[in-house]
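Chemist: Provided below are the primary sequence and the corresponding predicted coordinates.
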Amino acid sequence: MFDTCEGLLVGMVHLPTLPGAPGYEGSRTGLRDRAVADARALESGGMDALLVENFGDAPFYPDDVPDHTVAEMTAVVGAVRDAVSLPVGVNVLRNDARAALSVAAATGGAMVRVNVHAGARVTDQGVVEGRAHETMRLRDRLDCDVSVLADVAVKHSSPLGEENVESETRDVVERGHADAVVVSGRGTAEPTNADRLSRVARVAAELDVPVLAGSGVTPETVWEVLSVADGAIVGSALKEGGAPTNPVDEARVRALVTAARG
């Protein structure tokens, strides 16, 4: 997945509330249709890959989601995989890497994003601890070609002690065996701090792994971001009105891709 990823643009498919989560008022057919429509708009607009996430399921489980969530995610990701030719990834919020990896393996997914892969962070779900030891062994048992994208100082969280992004980057790669790292802002759609991104990028380059900006990237900032990072994961900026819960706007996708490609 990351052999040649310079300038990689990953578009978010933010799923509405899934069955079993508070506020679910839709239908399974409607949910899958929405996910497929968003995926096709991202592909038509020129994105390089997609990441499917259960964004509407708040409040999130800290680590282990219920079986029905895994089943629903598998069905939706499978539908997206059938609808587009781009690589598709999975993120199961808040931090169920085993579920994400299982869904990706079952559907032919290319990658998973793990919010806390190593160490621990204080979040609105409490203290979330990394389970790299479980995730990477599960990948071996499943015998699947799925890349692990690990966040460094993930958004919507704080460190337990003094933050050191250089050390955390080394931990998730050298000790956690992550294939790439992600750096985001403080929250959804908030810009990635330029200094933090540069610091992580320097260490990632030493370790020969890609680094992706994980939030707040827009057509106005993507060129500058990609001058430091190897790629970007983009969600809110590609949606109607810039709201993450809205459908993907293909015109916004094209504007981002045009700005990124120069």
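Modeler: That came through fine.
Chemist: ok, L101 - how many residues close by?
Modeler: 26 (other Cβ atoms under 10 Å). Yep, even glycine has a C-beta here, placed from its N, CA and C like the rest.
Chemist: tell me the SS of it?
Modeler: When classified by DSSP: H, G, I helix; E, B strand; the rest coil, L101 comes out as helix.
Chemist: Identify the residues contacting it.
Modeler: Residues near L101 by Cβ atoms under 8 Å, 6 or more residues apart in numbering: V90, V112, T135, L138, R139, L142, C144, V146, V148.
Chemist: and it, how far is that from E134?
Modeler: L101 sits 10 Å away from E134, going by Cβ to Cβ, to the nearest Å.
Chemist: now G176
Modeler: Distance of G176 to E134, given as Cβ to Cβ: 11 Å.
Chemist: Name the SS class of the residue most central in space within the chain, please.
Modeler: In the chain, the centroid-proximal residue (Cα atoms, centre = their mean) is R113; its distance is 4.6 Å. Assigned with three-state DSSP, R113 falls in the strand class.
Chemist: who does the residue lying closest to it once chain neighbours are set aside bridge with?
Modeler: The shortest distance from R113 to any non-neighbouring residue, by Cβ to Cβ, 6 or more residues apart in numbering, is to N91 (4.1 Å). Going by DSSP bridges, N91 is paired in beta bridges with E53.
Chemist: List the residues that contact V80.
Modeler: Residues near V80 by Cβ under 8 Å, 6+ apart: V13, A35, V36, A39, L50, V52, V88.
Chemist: which among those end up buried?
Modeler: V13, A35, V36, A39, L50, V52, V88 (16 or more other Cβ atoms under 10 Å).
Chemist: Dump the C-alpha coordinates for the helix or strand where L149 lies into PDB.
Modeler: Following DSSP states H and E, one finds L149 within strand 147-152. Once non-C-alpha atoms are left out, strand 147-152 reads as follows in PDB (Å, rounded to 0.1, in the frame of the first residue of the first chain):
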ATOM      1  CA  SER A 147      -1.200  -1.800   6.200                       C
ATOM      2  CA  VAL A 148      -1.500  -0.300   9.700                       C
ATOM      3  CA  LEU A 149      -1.700   3.500   9.900                       C
ATOM      4  CA  ALA A 150      -0.900   4.500  13.500                       C
ATOM      5  CA  ASP A 151      -1.800   7.900  14.900                       C
ATOM      6  CA  VAL A 152       0.800  10.000  16.800                       C
END
